[in-house]
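**Q** sequence isn't available, so here's the structure alone:
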């Protein structure tokens, strides 16, 4: 059996801080590296030239999917892996990836993205969110990226069947949400400009409101973020669709962060009815009850978190919500309960 070939497809601009780390992580895996540069003025291109890359200039149109699809048009391998420069593949499992694509009938593989948060490098391994994205897919099947921002690759409708998708548990580490990096790249302002233009378009997806809410949340403009997240939820409902779990995670996370506990409780119960296996919602329910000093009920929530764990490929998961963070709050609840018993 011949080993399938893989093209790495990337779009870059002024990525000298991370690009070498990224390329190093895949150099023993891929047979082709496609770099689409949208106007770098730093050492990005010089670094890329060390890795036998094919480099193409692309005039930036403020449309991420257009740039991604241009990169796909240059790829010749059987499979395509796409990364951002501020990411790196966990290279210890490369052989597993090769074996998987050699055997699978799937057209698209979802991989876990570990999004680190916090102030700066080095990362704190406990400060991270885990989310699965379609990062490896077959070439020459008509798979394209969609959306001006927060772009995603989609199978053509005729091929978009459940059997076409599999999970590949090889992590990709993402550092772009660290505070000093987002400030340095002015990501928030760039994203907001693009999203607000999309928002003005008639019949736009309710995902636009969600992404606007996320951007304003990161800027700590909670009132504006809250308006957009509610608008996003209503947008999905008006289309007869169940709002995705991500929306409820952001909404109740926001209410907890702003100490709006009465707004969060008992409303979060409705979200849990929609997504009963979403560990983060149970963790937030536990936090709400803990801060409302309902320690026995909070204890039940944290025990539910430990029962559910964190291995859920369909959800954005806060690292620790089904493990060490839930354990810590479980112990705090037990202390409070025992203290109350002693005082009585």
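**A** Thanks, I have the structure now. In this text the structure is predicted, and so the values were computed from the model without any measurement. Numbers count the residues shown, from 1 in each chain.
**Q** isn't there a strand covering residue 135?
**A** Yes - read with DSSP: H, G, I helix; E, B strand; the rest coil, residue 135 is one of the residues of a strand.
**Q** what is the neighbour count of the closest residue to it other than its chain neighbours?
**A** Among residues not flanking residue 135 along the chain, residue 111 sits closest, at 4.4 Å (C-beta to C-beta, 6 or more residues apart in numbering). For glycine as for every other residue, the C-beta is placed from the backbone atoms N, C-alpha and C. Residues contacting residue 111 under the criterion other C-beta atoms under 10 Å number 20.
**Q** just checking, residue 127 touches residue 119?
**A** No - counting by C-beta atoms under 8 Å, residue 127 sits too far from residue 119 to count as a contact (9.5 Å).
**Q** of these two, who's got more company?
**A** residue 127 (15 against 10).
**Q** tally up the residues packed near the nearest residue to that one once chain neighbours are set aside, please.
**A** Leaving aside its chain neighbours, residue 127 sits nearest to residue 118 (4.6 Å; criterion: C-beta to C-beta, 6+ apart). Counted with other C-beta under 10 Å, residues neighbouring residue 118 total 16.
**Q** residue 118: what secondary structure?
**A** Put simply, residue 118 is coil when judged by three-state DSSP.
**Q** just to be sure, residue 93 is in a helix?
**A** Yes - according to three-state DSSP, residue 93 belongs to a helix.
**Q** if I look at it, how far off is residue 171?
**A** When C-beta to C-beta, to the nearest Å is the yardstick, residue 93 and residue 171 sit 8 Å from each other.
**Q** how far does the biggest helix by length in the chain sit from the chain's center?
**A** The helix that spans the most residues within the chain, counting by DSSP state H, is helix 324-343. Distance, stretch centre to chain centre, for helix 324-343: 32 Å (C-alpha atoms, centre = their mean, to the nearest Å).
**Q** any stretches of this protein with poor pLDDT?
**A** Scanning the chain for pLDDT under 70 picks out 1, 158-163, 344.
**Q** give me the residue at the spatial middle of it.
**A** Among the residues of the chain, the one closest to the centroid is residue 131, at 4.7 Å (C-alpha atoms, centre = their mean).
**Q** could you confirm it falls within a strand?
**A** Yes - under three-state DSSP, residue 131 sits within a strand.
**Q** isn't it right up against residue 319?
**A** No - when contacts are counted by C-beta under 8 Å, residue 131 is not listed as touching residue 319 (11.0 Å).
**Q** what about the strands in the stretch 101-250 of the chain?
**A** Taking DSSP state E, counting those that start in this stretch as the criterion, the stretch 101-250 of the chain contains strands spanning 108-116, 128-138, 144-146, 152-154, 165-167, 172-174.
**Q** as JSON lines, the ones you listed with distance to residue 246 would be great.
**A** Shown next, in JSON lines, are the strands of the stretch 101-250 of the chain (distance: least, C-beta to C-beta, whole Å):
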{"stretch": "strand 108-116", "distance to residue 246": "13"}
{"stretch": "strand 128-138", "distance to residue 246": "9"}
{"stretch": "strand 144-146", "distance to residue 246": "18"}
{"stretch": "strand 152-154", "distance to residue 246": "13"}
{"stretch": "strand 165-167", "distance to residue 246": "18"}
{"stretch": "strand 172-174", "distance to residue 246": "16"}
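**Q** which one, of those, ends up nearest to residue 268?
**A** Residue 268 lies closest, by C-beta to C-beta, to one member of those: strand 128-138, at 18.9 Å.
**Q** next one: that closest one to chain centre, how far?
**A** Distance of strand 128-138 from its chain centroid, counting by C-alpha atoms, centre = their mean, is 7 Å.
**Q** strands paired with that strand, and their directions?
**A** Strand pairing for strand 128-138, using DSSP bridges, gives strand 79-82 (antiparallel), strand 108-116 (antiparallel), strand 317-318 (antiparallel).
**Q** closest one to residue 343 among those?
**A** strand 317-318 (33.2 Å).
**Q** shouldn't residue 36 be within a strand?
**A** Yes - counting by three-state DSSP, residue 36 falls inside a strand.
**Q** for it, which residues make a bridge with it?
**A** Residue 36 has these beta-bridge partners by DSSP bridges: residue 11, residue 56.
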